[in-house]
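Colleague: missing the sequence, but the structure's below:
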């Protein structure tokens, strides 16, 4: 197979599953979608700078292992197990740290941290997969290529998203906690969990023995735990919306009907779809923006309750005005 054809097929094999996973992650955020540009920036950081820097640092930090080891394959395995997890999770984590430092107002719940982390990880996995697919074809031909594609995009397709999601969760917990010790410990614990899961995956897969079975335990077990946390975060978000927006009915910010719609992701989607078919695209976008602002208002009120900060108070006043304006088009 010509190299150009191999590259194209490998790119498609990496991109198509990634687009599917990205759409799933995006859909999970039911009540307040994160800014598309920031999600794209997180994905891009994982896909390009993180991969380039990871190749350089893994090679540089692996030099002592290649010098000490008597054979190259053993050194390759040692680098994959002991160097790559720390390097790659640290590089991916830089995007999450940047979001925490410069766009922290976009982190309103633990779910937001999970989503940003998953996006970084999916970007990294997509580009990394292309290189692995091509290397496996050169090593063992079409059959080996196909097996590698199946393993890396299906069986372990969410691994990098899983690792980085825990780092993002740590960042989000730090953002939402008023306790100093939590702000200091949570990011380190999230990053440490990401490194540990990455380390255990590489260790068990590289063993080539019965330990490979343990990779399923750590990878799918970690994913199951993350799904539980995600489900809990969605329940928590809905609870905030129901609690804090109930107060807005008494303040005439919302009608009772609008409140009931805002409290249900399913009802929101149906209403926006109705707007699309009865009043057109602009009404659909206004309804989506209306519900998004309702969620933002609930989250800012929760943040205000935790921190009593002036920024949240100002945001609450602004959101109430915007909701009032948008609601005029939805009645």
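Modeller: Looks like it arrived, so ask away. All of these numbers come straight from a predicted model, not from anything done at the bench. Numbers count the residues shown, from 1 in each chain.

Colleague: buried residues in stretch 233-252?
Modeller: Neighbour-count burial for stretch 233-252, with 16 or more other CB atoms under 10 Å as criterion, is recorded at 233, 234, 237, 238, 240, 241, 244, 245, 248. Where C-beta positions appear, they are placed from N, C-alpha and C, glycine not excepted.

Colleague: now the helices: where do they sit in the stretch 51-200 of the chain?
Modeller: Using DSSP state H, counting those that start in this stretch, the helices found in the stretch 51-200 of the chain span residues 72-78, 84-102, 110-150, 159-176, 180-207.

Colleague: can I see the domain layout of this protein?
Modeller: In terms of domains, the chain is parsed into 3-236, 251-327 (source: automatic domain parsing).

Colleague: ok, back up a step: narrow the buried residues of stretch 233-252 to those in helices?
Modeller: When the buried residues of stretch 233-252 are checked against helices using DSSP state H, the ones located there are 233, 234, 237, 238, 240, 241, 244, 245, 248.

Colleague: The fifth one against residue 304, yeah?
Modeller: What it means is residue 240. No. Under the criterion of CB atoms under 8 Å, residue 240 lies out of contact with residue 304, with a separation of 11.7 Å.

Colleague: Go through the helix-or-strand element of the chain with minimal mean pLDDT and flag the buried ones.
Modeller: Lowest by mean pLDDT, DSSP states H and E among the helices and strands of the chain is helix 72-78, with a mean of 82. The neighbour-count check on helix 72-78 (16+ other CB under 10 Å) flags 75, 77, 78 as buried.

Colleague: show me where pLDDT drops low in this structure?
Modeller: Per-residue confidence of the chain (counting by pLDDT under 70) places the weak regions at 1-2, 70-71, 208-210, 330-331.

Colleague: any idea which of the domains of the chain is most buried?
Modeller: Among the domains of the chain, judged by mean count of other CB atoms under 10 Å, the one packed with the most neighbours on average is domain 3-236 (a mean of 18).

Colleague: Now do it: distance from first to last residue.
Modeller: 50 Å (CA to CA, to the nearest Å).

Colleague: for stretch 271-290, same thing?
Modeller: For stretch 271-290, the first-to-last residue distance is 11 Å (CA to CA).
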